[in-house]
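Novice: got a predicted structure here, sequence first:
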Amino acid sequence: MSSKPKIDPRAIVDTKKIGARTRVYEFTHVLKGAVIGADCNLNSHCFVEGGAVVGDRVTLKCGVYLWDGVTLEDDVFVGPNATFTNDRRPRSRRPVPHPETIVRKGASIGAGAVIGPGIEVGAHALVGMGAVVTKSVASHALVYGNPAKRQGWVCFCGAPAKAPPKKCPH
C-alpha cells in the first residue's frame with residue numbers, strides 16, 4: 001500500500017501538510033495552512049479551514065466543517081453533520097481572534113452535534129447525537145441533550161462505565 005495520501009480528483013486540497021495514507025473523498029475542500037495527520041478519513045462534503053489541525057487516525061464523516069481554531073487530536077471520530085463554531089459574537093465582516101476548540105485523543109462526536117467555540121472535549125469522551133455542547137466536557141464523560149449535560153461515563157472503547165476508567169476491561 002502506498003504511503004501517499006489518496007485524494008479524490010473532485011476534492012480540493014490546498015495544503016501540503018497532509019499525512020501518509022490519509023484519504024480525502026469527493027467534494028471536500030482543505031485550505032492552505034490546515035494540518036491533516038496520517039491515516040485519516042475525510043469523507044465527502046467536508047471543509048477544513050486553514051487554521052484547523054487534525055491529528056492521526058481521525059475520521060470526519062460527511063458534512064463536517066472545521067474552522068480556524070479547531071484542533072482534533074489523534075483517534076477522534078466526528079459524526080455526520082456535526083457542527084463546530086469559532087465565534088462567540090458572530091457579525092459579518094468583523095475579524096476577531098478565534099478561541100481554541102479542542103477535541104482530545106479518542107473522543108467521539110455524534111451526528112448533528114453542535115460544539116460551541118472555546119470548548120474542550122476531554123479524552124475518550126462521547127458526545128451524543130444532536131447534543132448542543134456549551135461547556136467543556138470531562139474525559140470519559142457521556143454527554144447529550146440541549147444543552148448537553150453529563151449523563152454517565154464511557155470506557156476507552158465507548159462502552160458504559162460506572163466511573164472514569166483507568167483501563168479498558170472489555
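Specialist: Nice, I can see it. Residues are numbered from 1 along each chain as shown.

Novice: show me what counts as buried in the longest strand anywhere in the chain.
Specialist: Counting by DSSP state E, the longest strand found in the chain is strand 149-154. The neighbour-count check on strand 149-154 (16 or more other CB atoms under 10 Å) flags 153-154 as buried. C-beta here means a position set from N, CA and C on the backbone, and glycine is covered the same way.

Novice: and stretch 83-103, by the same measure?
Specialist: Buried, per 16+ other CB under 10 Å, within stretch 83-103: 83-87, 98, 100-103.

Novice: so which of those residues are in strands?
Specialist: Among those, the ones falling in strands (DSSP E) are 83-84, 101-103.

Novice: quick check, nearest of those residues to residue 118?
Specialist: residue 101 (6.2 Å; CB to CB).

Novice: once you drop chain neighbours, what's closest to the closest one?
Specialist: What sits nearest to residue 101 in space, not counting adjacent residues and going by CB to CB, 6 or more residues apart in numbering, is residue 70, at 4.8 Å.

Novice: what about the nearest residue to residue 67 once chain neighbours are set aside, distance to residue 122?
Specialist: Of all residues not flanking residue 67 in the chain, residue 86 sits nearest, at 4.2 Å (CB to CB, 6+ apart). When distance is defined by CB to CB, to the nearest Å, residue 86 is 19 Å away from residue 122.

Novice: and residue 95, which helix or strand is it part of?
Specialist: Under the criterion DSSP states H and E, no helix or strand holds residue 95.

Novice: which pLDDT does the model give it?
Specialist: We have a pLDDT of 81 for residue 95.

Novice: is it correct that residue 35 is in contact with residue 15?
Specialist: Yes: counting by CB atoms under 8 Å, residue 35 does reach residue 15; the two are 7.2 Å apart.

Novice: which ones are touching the residue nearest to residue 67?
Specialist: If a contact means CB atoms under 8 Å, 6 or more residues apart in numbering, then residue 86 has 67-70, 98-99, 101, 117 as its contacts.

Novice: okay, now the unreliable bits of the chain?
Specialist: Applying pLDDT under 70 to the chain flags residues 1.

Novice: rerun that using 80 as the cut-off
Specialist: Filtered on pLDDT under 80, the chain yields the residue ranges 1-2.

Novice: where's residue 63 relative to residue 53, distance?
Specialist: Taking CB to CB, one finds residue 63 at 20 Å from residue 53.

Novice: surely residue 161 and residue 139 touch.
Specialist: No: checked against CB under 8 Å, the pair residue 161 and residue 139 is beyond contact range at 11.4 Å.

Novice: mind putting the contacts of residue 86 into JSON lines with distance to residue 11?
Specialist: Output for the contacts of residue 86, formatted as JSON lines (distance: CB to CB, whole Å):
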{"residue": "67", "distance to residue 11": "18"}
{"residue": "68", "distance to residue 11": "20"}
{"residue": "69", "distance to residue 11": "23"}
{"residue": "70", "distance to residue 11": "19"}
{"residue": "98", "distance to residue 11": "24"}
{"residue": "99", "distance to residue 11": "29"}
{"residue": "101", "distance to residue 11": "24"}
{"residue": "117", "distance to residue 11": "27"}
